[in-house]
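K.L.:
Build me a model:
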Amino acid sequence: QVQLVESGGGLVQAGGSLRLSCAASGSIVSIGLMGWYRQAPGKQRELVARISSGGNTNYADSVKGRFTISRDTAKNTVYLRMNSLNPDDTAVYYCNAVLRVPYSESPLDSWGQGTQVTVSS
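P.N.:
Residues are numbered from 1 along each chain as shown. Predicted coordinates for the structure are as follows:
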């Protein structure tokens, strides 16, 4: 069984910073893409940033220059550093990872439980 556990969310004032972490655990052979998505009230879930196993990254236009995604392969962990936060960044942030698990030919698309980020003006 695989689990993604997020941490680091919270309440911050506009202009502030937060760092989110997401650790994958369980029976994992390898991890491909890892990413962060967010969902604000009344809106669809959207991609924030993702990073490949080789370190290639891409970002939503709304966070470019403010957010940085990184990963620690040895720890099966992905991070999201968020700077210059504004109220539009308020959402539940979800971690996602595409995993290879034993005895399965198909990759597993796994999600964390979400962590709330609230930015006050």
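
K.L.:
Following the chain onward from the helix or strand where residue 21 lies, which element is next?
P.N.:
Residue 21 is located in strand 18-26, with elements delineated by DSSP states H and E. Reading on from strand 18-26 to the C-terminus, the next helix or strand found by DSSP H and E is strand 30-39.

K.L.:
From the chain's centroid, how far away is that next one?
P.N.:
Taking the mean C-alpha point of strand 30-39 and that of its whole chain, the gap between them comes to 6 Å (C-alpha atoms, centre = their mean, to the nearest Å).

K.L.:
Quick one: work out the angle between the helix or strand that that strand is followed by and strand 18-26.
P.N.:
Using DSSP H and E, the next helix or strand after strand 30-39 towards the C-terminus is strand 46-51. Here strand 46-51 runs at 70 degrees with respect to strand 18-26, directions being taken by axes from the mean of the first three to the mean of the last three C-alpha atoms, to 10 degrees.

K.L.:
Neighbouring strands - and their directions - for strand 46-51?
P.N.:
The pairing partners recorded for strand 46-51 under DSSP bridges are strand 30-39 (antiparallel), strand 57-59 (antiparallel).

K.L.:
Tell me the gap between that strand and the middle of its chain.
P.N.:
7 Å.

K.L.:
Mind listing residues that contact the strand holding residue 21?
P.N.:
Residues from elsewhere that reach strand 18-26, judged by C-beta atoms under 8 Å, 6 or more residues apart in numbering: 1-10, 12, 31, 34, 36, 75-82, 85, 93, 95, 97, 99, 101, 110, 112, 115, 117. Yep, even glycine has a C-beta here, placed from its N, CA and C like the rest.

K.L.:
Could you give me the PyMOL syntax to select whichever of those residues are buried?
P.N.:
Per 16 or more other C-beta atoms under 10 Å, the buried members of the contacts of strand 18-26 correspond to this PyMOL selection:
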select buried, resi 4+6+8+9+12+31+34+36+76+77+78+79+80+82+85+93+95+97+99+101+110+112+115+117
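
K.L.:
how near is residue 49 to residue 1?
P.N.:
Spatial separation of residue 49 from residue 1 under the definition C-beta to C-beta, to the nearest Å is 26 Å.

K.L.:
actually residue 75, not the one I wrote
P.N.:
Taking C-beta to C-beta as the measure, residue 75 falls 19 Å from residue 1.
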